[in-house]
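Participant: A structural model of the following input is requested.
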Amino acid sequence: MLEALVAIVVLAFGVLGVANLLIKSFRFAQQSSYDVVAIQLADDMAERLRSNGALTDSGVFDNFDTDSGGPNVSDPGNLYKVACTGSSAACAPVTGNFDLAEWTQRVKSSLPGGRAIICRDAATYSLTTGYAWNCASAGAAGDTPLVVKIGWVSRFTDRQGADIATGTTMTDSQGANGTATPQIVVVVLPGVKN
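Facilitator: This next block holds a predicted model:
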């Protein structure tokens, strides 16, 4: 009788271990999908910025934050109703506003607690703090790299500010106030003018 009880306890611990393994594997799979989505979003915006070179070079996109909301468009309910006729100089700002509004909507809907920033940043990474939302521009705007920073609340965070991998030097994917911290930074333009 005692052997059967011990066997049941051992089996119960095994089942709990397998359940924990399944939960962790789900977290890794979910985080991996967020990584892929964020890379696609950053690459998409980088291509849009490069294709609208006149506005990008003039600095229109240098300090955009999705937390501030998207730009005003003619029909916020349907971003694809963009009326633009005439010269490319007249259409460039309309296209830029559409790109930012549509991209903001995608960042917010695709990533949990998603936030993105487009800015000129001379120092995108620090060994002590990792990536940060603030942007340290150095020198003339054309000499500083234009970057896209994207962050979200990670699946690796058990609770606010505490990563699963405790004791590591990895920065939290979630700030103390529950907001996302940058996890991906993509350089759009290197910031070197010839």
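
Participant: Can you show me the strands along the protein?
Facilitator: Under the criterion DSSP state E, strands of the chain are mapped to 63-65, 115-120, 125-126, 130-131, 146-152, 157-159, 162-163, 181-189.

Participant: what's near enough to touch the closest residue to residue 67 other than its chain neighbours?
Facilitator: Nearest-residue entry for residue 67: residue 115, 5.5 Å, with adjacent residues in sequence omitted and distances by Cβ to Cβ, 6 or more residues apart in numbering. In short, each C-beta sits where N, CA and C put it, glycine included. By Cβ atoms under 8 Å, 6 or more residues apart in numbering, the contact set of residue 115 is 65, 66, 67, 107, 133, 150, 151, 152, 179, 180.

Participant: Out of those residues, give me the one that has the most neighbours.
Facilitator: Ranked by neighbour count (other Cβ atoms under 10 Å), the contacts of residue 115 have residue 150 at the top, with 27 neighbours.

Participant: Spit out the contact partners of that residue.
Facilitator: Contacts of residue 150 by Cβ under 8 Å, 6+ apart are 38, 41-42, 107, 111, 114-116, 182-186.

Participant: nearest spatial neighbour of residue 106, skipping sequence neighbours?
Facilitator: residue 41 (6.2 Å).

Participant: Likewise for residue 108?
Facilitator: residue 114 is the one closest to residue 108 (Cβ to Cβ, 6+ apart), at 5.4 Å.

Participant: where does residue 27 sit relative to residue 35, distance-wise?
Facilitator: 13 Å (Cβ to Cβ, to the nearest Å).

Participant: for this protein, which spans come out with low pLDDT?
Facilitator: 73-90, 138-142, 155-178, 191-194 (pLDDT under 70).

Participant: Look through it and tell me its longest helix.
Facilitator: helix 2-51 (DSSP state H).

Participant: which strands and helices sit next to that helix?
Facilitator: Where contact means 3 or more Cβ pairs under 8 Å, 6 or more residues apart in numbering; DSSP states H and E, helix 2-51 is packed against helix 88-110, strand 115-120, strand 146-152, strand 181-189.

Participant: With respect to burial, which of these scores highest?
Facilitator: strand 146-152 (a mean of 25; mean count of other Cβ atoms under 10 Å).
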